[in-house]
Structure formats: C-alpha cells, structure tokens
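**Student:** Predicted structure and sequence below. I'll ask about it afterward.
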Amino acid sequence: MRSLGNNWKLEAVRQVRLLMGRGYRRFAAQQDIAAQLGFTMNDLITWERELVQNPDWENELFCSELAGEYLDRLLSGHPTNIPNYKAFGAYAKRYNIERAADIAKSSKRHSIRDIRSALRGAHRA
C-alpha cells in the first residue's frame, strides 16, 4: 500500500493533524488544507480513512497531532522534558512524543506547494 501517492496523501493529512494539534477543529483544519491543496475535503477524509487502516500510518497521524500541540516545546527542547511524556504511549519500541518531536522538526520539510504539486502529479498518473 505504500506508494508515491500515499506518501503525499500522508503528508496532506499530516498537515491537517498538525493544525488540529494547534487547536483547530477537524472540520476547519480539513477545510483550510483542502483549499490550500486544491482538493476537496472529501478527498482528505477519504485519504485519512485509507491511511488509518495501516497501524504505522495511524500512529504517524496521532504523533502529528501531538507535534502540533507541543510544537514550540518540541522544537526548543528534548521531548522527555514534556511532563508525563510516557502517558502518550509508545509504538514500535519508541515513545510517541519522540516520534512527534521528529515530525515537529521536519514539519517544514515539505511546503503546501510541494504537497499540492506531488498530489496533482500522482493524481494524473
């Protein structure tokens, strides 16, 4: 199931989850990202439903939301400085807050423009 299109769909849905972590309601986050990408909210909803069928991607999206919520703290310090970081659980022998820190640090790796271009290319293929 891991294809180029799915990787970019993951990036798109990750942007929604980052906004949700920052306090956006799901609907508002989906609406905002869909408009920026030039796709519909239904596209984003469908992609997320497909992605969460894979436990690795489901955890990735959960950690993306954590990254949004703790973005400033994760960028400025060690993830274990967040109180009760173990309460966020672990997946594949790694604390979720550590994975969230990696997502926070790489959250600017792909711009919305990059994601939009890649999705349009994958959509045409």
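**Tutor:** That came in fine, so what should we check first?

**Student:** Extract the C-alpha trace of the worst-scoring helix or strand of the chain on mean pLDDT and format it as CSV.
**Tutor:** Taking mean pLDDT, DSSP states H and E as the measure, the helix or strand of the chain with the lowest value is helix 112-124, at a mean of 86. Below are the C-alpha coordinates for helix 112-124, written out as CSV (Å, rounded to 0.1, in the frame of the first residue of the first chain):
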residue,chain,number,x,y,z
ILE,A,112,1.9,23.0,0.8
ARG,A,113,3.1,23.8,-2.7
ASP,A,114,5.3,20.7,-2.8
ILE,A,115,2.5,18.6,-1.5
ARG,A,116,0.0,20.1,-3.9
SER,A,117,2.3,19.5,-6.9
ALA,A,118,3.1,16.0,-6.0
LEU,A,119,-0.5,15.1,-5.4
ARG,A,120,-1.5,16.5,-8.7
GLY,A,121,1.2,14.5,-10.4
ALA,A,122,0.2,11.3,-8.6
HIS,A,123,-3.5,12.0,-9.4
ARG,A,124,-2.8,12.3,-13.1
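
**Student:** Centre of the chain to it, how far?
**Tutor:** The chain centroid and the centroid of helix 112-124 are separated by 16 Å, computed with Cα atoms, centre = their mean, to the nearest Å.

**Student:** go on, stretch 80-98?
**Tutor:** 17 Å.

**Student:** That one - what's its average pLDDT?
**Tutor:** In this model, stretch 80-98 has a mean pLDDT of 95.

**Student:** And for stretch 6-24?
**Tutor:** pLDDT averaged over stretch 6-24 gives 95.

**Student:** before we move on, the earlier item: which other residues reach the least confident helix or strand of the chain?
**Tutor:** Identification of contacts with helix 112-124 by Cβ atoms under 8 Å, 6 or more residues apart in numbering yields 3-5, 8-9, 11-12, 15, 33, 36-39. Placement of C-beta: from N, CA and C, glycine included.

**Student:** Let's check: the centremost residue of the chain is which one?
**Tutor:** Closest residue to the average C-alpha location of the chain: R14 at 1.8 Å, with Cα atoms, centre = their mean.

**Student:** quick one: contacts for the closest residue in space to G89 that isn't next to it in sequence?
**Tutor:** Closest residue to G89 apart from its sequence neighbours, by Cβ to Cβ, 6 or more residues apart in numbering: N96 at 5.1 Å. Counting by Cβ under 8 Å, 6+ apart, N96 touches N59, F62, C63, L66, F88, G89, A90.
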